[in-house]
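Colleague: sequence below, structure please.
(chains A and B)
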Amino acid sequence: MNEKILLIVVGAVGLVVISLTFSILLMKSWRQGRITRQRRKRRAIEPGLLRYLGSREGALERFIPMPVEGSLRAAVVELLLEHTSILKGEAMERITSALEQLGMVREEIGRLRSGSAWRRAAAAERLGLARSPLAVEPLAKRLEDPDEEVRLRAGRALGQIRGTLAVRPLIAALSEPSRWSTMRVAEILSNMGSEAEEELIRSYPDLAPKARVAALDILGRLRRPGSASFIEQRLRDEDPDVRARAAHALGQIGDPTAYRSLLEAMQDPEWPVRAMAAKALGRLRVPDSAPALALRLRDRQWWVRSNSAQALIELGETGTRTLLDVLDSPDIYARHQAVLMLQQTGLVDRYVDQLCRADEEATLARRVVSRIAEMGRVDRLEELSRVHRFESVRETLAGILRKAAPASGARA
Amino acid sequence: MAERSASVLVIDDDPITLTFLSNLLGDKGYHVLKAVDGSEGLDLARRHRPDLILSDLVMPYHDGFEILGELKRDAILKAIPVIMVSMRDKEQDIVRGFDLGAEDYIVKPFGAHELLARVRRALRAARAGEALPASAQAELAKR
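Modeller: Residues are numbered from 1 along each chain as shown, chains lettered A, B, ... in the order given. Here you go, the predicted structure:
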């Protein structure tokens, strides 16, 4: 009896295993067959489609048999989308036009209203690839989507479509930091070039205060000299955040004609503006800004002193000479900031290397090193007096340090 | 046009770019050779001596710079103009391409008609070089 039941059970299990294996094989071969059919269709349609993309004239139906439906249409759409990553210009316009004609754009716009966030996000991405202006308005609405991923992909898609109409909703999103990461919008707009620049300047007066700061940041990242005069005017804004960001943006653009405005900004009552102006002057590398930067080494705020010293180094020889002059300044903050910068940039080490040379360089090196020792900033000098590769330099340096010891206690 | 009978070797590991460029050039009457990596590209270049090479930069085995270097070291193949076609748009890559002897550098995404125009120009320049008398070519080489 038991043996009979066992046989039935084994038989049933065997039957299940055999039918499962059979259905898996069937599914696999059906799937393989579908892929093969798709590939065949793709191969058949590809030459005509590529001829269409490489031509200047002629509608899609001149190159492939129309209408295309079902899986053939899907193959054509995929082929066209694949080429969006390598083509631009007229060929890209022809891709957009074909996708509109095939109904892909209309279909994906419809999917933007899907109940599934995943489908909405995928639709937004495909519409970005299609670059169709028809999708601008529906995508702009998705910037308000409850799902963050959909909002982000819609934003990116607008960035890919470009054009004034696509830029506007993105700029408006700058005023909604609760729904949008300002950095992400800024990243999208920064890749849009002149269209973003023009629209940011045009819509600037209507933006919320925080959005104005973000707008200036983007203009800086766009690095277009044409926006420099607009940004210079923002250095006189009543909001210190705007003034500071404007100074920073001018540094990023690097237009040397902005240096006079930045010199004025170095007098700003707010230290973040002075600090940003100093940094920007370093990027502009106009030697005439050295005296103003040297003056700011006496600033009460460390950031301003630090940025000014850094900017002087970036000015090259003029800036370095100015920093050396500051070693004799009566202002202790200025002197210490100058030494710090000379140390950070390795110039102190260089002067120590030159101590035993038999030329004018050695005289200057000895003066600079002695002055630093007198100020009591001896950490690096003491280290070098122990580890320098030349004995003559070690001995000379040790002598300078011994001589400066009493003075450093009194003066630094 | 004289260029239309020219042979062009396209080297790219991306099948989309390779197929697109081959079809585009083939439709314009060029004889197109295709290679999916640097090794195959060099092999085809040595065997067929094409009039022009369009090469991707980032590829398996030999990258575009290595191919360019190999070609320019070869006494026979160095005269073949090479146009780099790459996604890499950094100035240092473009400069390196030109320094190694590339005739042109095209960044993807590219305009199809612009690419064709650059191909025509490179072929014209190469043919103008060939047309020079031997003495003038030697003089140019010295410079």
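
Colleague: mind jotting down where the strands sit in chain B?
Modeller: Here chain B has its strands, by DSSP state E, at B:7-11, B:31-35, B:52-55, B:82-86, B:104-107, B:110-111.

Colleague: what pairs with the last one, parallel or antiparallel?
Modeller: Pointing back at strand B:110-111 there. Under the criterion DSSP bridges, strand B:110-111 sits next to strand A:87-88 (parallel) in its sheet.

Colleague: give me the contacts around the strand it pairs with.
Modeller: A:53, A:95, B:20, B:109-112 (C-beta atoms under 8 Å, 6 or more residues apart in numbering or on different chains). All C-beta spots, glycine's among them, are computed from the backbone N, C-alpha and C.

Colleague: bridge partners for the closest residue to chain A within chain B, pull those for me.
Modeller: Proximity of chain B to chain A (C-beta to the nearest C-beta) peaks at B:G111, 3.2 Å away. Beta-bridge pairing for B:G111 (DSSP bridges): A:K88.

Colleague: could you pull up the residues touching it?
Modeller: Listed by C-beta under 8 Å, 6+ apart, the contact set of B:G111 reads A:87-91.

Colleague: among those, which one lies nearest to chain B?
Modeller: Nearest to chain B among the contacts of B:G111: A:G89, at 3.2 Å, using C-beta to the nearest C-beta.

Colleague: what's near enough to touch the closest one?
Modeller: By C-beta under 8 Å, 6+ apart, the neighbours of A:G89 are B:110-114.

Colleague: distance of A:L384 relative to A:V393?
Modeller: Look at A:L384 and A:V393: by C-beta to C-beta, to the nearest Å, they are 8 Å apart.

Colleague: which helix runs longest in chain A?
Modeller: helix A:2-54 (DSSP state H).

Colleague: low-confidence ranges, the stretch 151-300 of chain A, go.
Modeller: Low-confidence segments of the stretch 151-300 of chain A (pLDDT under 70): A:177-180.

Colleague: let's see 80
Modeller: A:164, A:176-182 (pLDDT under 80).

Colleague: before we move on, what about chain B?
Modeller: B:1-4, B:129-143.

Colleague: near chain A, which residues of it show up?
Modeller: The interface of chain B toward chain A, taken as C-beta under 8 Å from any C-beta of the partner chain, is made up of B:14, B:16-17, B:19-20, B:23-24, B:27-28, B:108-114.

Colleague: still on that earlier bit, wait, which of the strands of chain B is closest to A:I161?
Modeller: Smallest distance to A:I161 across the strands of chain B (C-beta to C-beta): 17.8 Å, for strand B:110-111.

Colleague: on that earlier part again, what's the longest helix of chain A packed up against?
Modeller: Packing contacts for helix A:2-54, counted by 3 or more C-beta pairs under 8 Å, 6 or more residues apart in numbering or on different chains; DSSP states H and E, involve helix A:70-82, helix A:89-101, helix B:15-27.

Colleague: could those go into JSON lines alongside distance to A:P133?
Modeller: Rendered in JSON lines, the data for the helices and strands packed on helix A:2-54 read as follows (distance: least, C-beta to C-beta, whole Å):
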{"stretch": "helix A:70-82", "distance to A:P133": "17"}
{"stretch": "helix A:89-101", "distance to A:P133": "8"}
{"stretch": "helix B:15-27", "distance to A:P133": "24"}
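
Colleague: of the ones you listed, which is nearest A:P272?
Modeller: Across the helices and strands packed on helix A:2-54, closest to A:P272 is helix A:89-101 (C-beta to C-beta), at 43.3 Å.

Colleague: and that closest one, average pLDDT?
Modeller: The average pLDDT for helix A:89-101 rounds to 95.

Colleague: list only buried entries from the residues of chain B next to chain A.
Modeller: Of the members of those, the ones counted as buried by neighbours, 16 or more other C-beta atoms under 10 Å in any protein chain shown, are B:14, B:17, B:19-20, B:23-24, B:28, B:108, B:110-112.

Colleague: buried deepest among the strands of chain B, which one?
Modeller: strand B:52-55 (a mean of 27; mean count of other C-beta atoms under 10 Å in any protein chain shown).

Colleague: let me have the strands of chain B in JSON lines, adding distance to B:R127 as columns.
Modeller: As requested, the strands of chain B are exported to JSON lines (distance: least, C-beta to C-beta, whole Å):
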{"stretch": "strand B:7-11", "distance to B:R127": "13"}
{"stretch": "strand B:31-35", "distance to B:R127": "16"}
{"stretch": "strand B:52-55", "distance to B:R127": "10"}
{"stretch": "strand B:82-86", "distance to B:R127": "15"}
{"stretch": "strand B:104-107", "distance to B:R127": "15"}
{"stretch": "strand B:110-111", "distance to B:R127": "23"}
